[in-house]
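In: no sequence for this one, just the structure:
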């Protein structure tokens, strides 16, 4: 998971709490660990959260993910 897990809908939780539950440090750690599992493909939950943050003025998660994710069809 690459998004915060919350007990309320994300729209009801402040961005500060969201970022406390999924900091950039934890986000990077998660994305950097995924390839080390040995699986060829990793599926990430959370792109809608990264997008929501980006639309709200915080594009850090979006840009980091974009910089390391490769899509192969």
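Out: On my side now, so go ahead. What you see is a predicted model; the values in this text were computed from it and never measured. Numbering: from 1, shown residues only.
In: Does residue 7 lie in a helix or a strand, and which?
Out: In this assignment (DSSP states H and E), residue 7 forms part of neither any helix nor any strand.
In: quick one: it and residue 51, what's the gap?
Out: Relative to residue 51, residue 7 is positioned 22 Å away (Cβ to Cβ, to the nearest Å). All C-beta spots, glycine's among them, are computed from the backbone N, C-alpha and C.
In: of the two, who's got more company?
Out: Shown here are residue 7 and residue 51; by other Cβ atoms under 10 Å, residue 51 has more neighbours (13 against 6).
In: what's the spacing between the residue nearest to that one when sequence neighbours are not counted and residue 40?
Out: Closest residue to residue 51 in three dimensions, ignoring its sequence neighbours and counting by Cβ to Cβ, 6 or more residues apart in numbering: residue 62, at 6.6 Å. Look at residue 62 and residue 40: by Cβ to Cβ, they are 24 Å apart.
In: same thing with residue 64?
Out: The separation that residue 64 has from residue 40, given Cβ to Cβ, amounts to 22 Å.
In: which of those two has more neighbours?
Out: Each of residue 64 and residue 40 had its neighbours counted (other Cβ under 10 Å), and the higher figure belongs to residue 64 (15 against 7).
In: in which helix or strand would I find that one?
Out: With elements taken from DSSP H and E, the one containing residue 64 is helix 60-68.
In: Tell me the pLDDT of the spatially closest residue to residue 1 that is not a sequence neighbour.
Out: Closest residue to residue 1 apart from its sequence neighbours, by Cβ to Cβ, 6+ apart: residue 45 at 4.9 Å. At residue 45 the predicted local distance difference test score is 88.
In: Same check on the one 5 residues further on?
Out: Each residue has a pLDDT score; the one for residue 50 is 96.
In: and if you look at the one 5 residues further on?
Out: Reading off the per-residue confidence, residue 55 sits at a pLDDT of 97.
In: That one: neighbouring residues, count only.
Out: If we define neighbours as other Cβ under 10 Å, then residue 55 has 10 of them.
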